[in-house]
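Asks: give me the fold of what follows.
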Amino acid sequence: MRRSDDQWAWAGDRHWRGSARLAASCAALFGAMALLVDWDAGSLSPLRGVLWLGLAAALFAVLLPPRVTAGAGRLAVRGPWGRRVVHTDALTTVWRCNGISTHLVLRDIHGHRVELDPRVLTANPLIWHELDTGVRRSVERGTLRKGTEVLERLRHRIDDETARAVMKVSGLC
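Replies: The predicted model follows:
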């Protein structure tokens, strides 16, 4: 029998590894180019080498996308500074932050809060299914009081994109 926190019971972002490899490649390329240019200029010292490698590591931390997983009534977002978990079956508010990049913010009755990119939900039907199931439970229990319209718009957008993808694959459009 599986426990609810078993790693196999969680749905994860299927594009995260590729994004992590891209972040690592960009950081490694930056570090290598900085070291090469500094070495070619004749000014590379051990201290400057450590500085360039530190800047490359900082670039990696900035470029690494948060890892989103969902399962068993929970949604977890792991970023460079830790892991945040929200109980999707006990949500109180959901809102959308528009700015440089759009984020979906979820808060539960325990005071936990996570932020994630809605494109992760669009690209990962299993994560969306887990979140949607938890949201429906929150609505049934009466805990979700703000944000149902945000989720409804997101649901329609995901359904539209899924329908377009099915029609494209089947050759109907």
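Asks: tell me which helix or strand comes right after the helix or strand bottoming out on mean pLDDT in the chain.
Replies: Lowest by mean pLDDT, DSSP states H and E among the helices and strands of the chain is strand 11-12, with a mean of 82. Sequence order places helix 16-41 as the next helix or strand after strand 11-12, per DSSP states H and E.
Asks: relative to helix 16-41, how tilted is the helix or strand that that following helix is followed by?
Replies: Sequence order places helix 46-63 as the next helix or strand after helix 16-41, per DSSP H and E. Going by axes from the mean of the first three to the mean of the last three CA atoms, to 10 degrees, helix 46-63 is angled at 160 degrees with respect to helix 16-41.
Asks: and the contacts of the next helix or strand after helix 46-63?
Replies: Past helix 46-63, heading to the C-terminal end, the next element that is a helix or strand (DSSP H and E) is strand 67-71. Outside strand 67-71, the residues within contact range by CB atoms under 8 Å, 6 or more residues apart in numbering are 4, 9-13, 16, 75-79, 88, 116, 120, 124, 126-127, 130-131. Backbone N, C-alpha and C define where each C-beta goes, glycine included.
Asks: so among these, which ones count as buried?
Replies: With neighbours counted by 16 or more other CB atoms under 10 Å, the contacts of strand 67-71 contain buried members at 10-13, 16, 75-77, 88, 116, 120, 124, 127, 130-131.
Asks: nearest to P66 among those residues?
Replies: V77 (4.9 Å; CB to CB).
Asks: is it true that that closest one lies in a strand?
Replies: Yes: assigned with DSSP: H, G, I helix; E, B strand; the rest coil, V77 falls within a strand.
Asks: pretty sure it contacts V114?
Replies: Yes: with contacts counted by CB atoms under 8 Å, V77 reaches V114, the gap being 4.6 Å.
Asks: overlap of the contact sets of the two?
Replies: Residues touching both V77 and V114 (CB under 8 Å, 6+ apart): R84, V85.
Asks: specify the beta-bridge partners of R113.
Replies: In this entry, R113 is beta-bridged to R107, by DSSP bridges.
Asks: tell me the pLDDT at it?
Replies: At R113, the model reports a pLDDT of 95.
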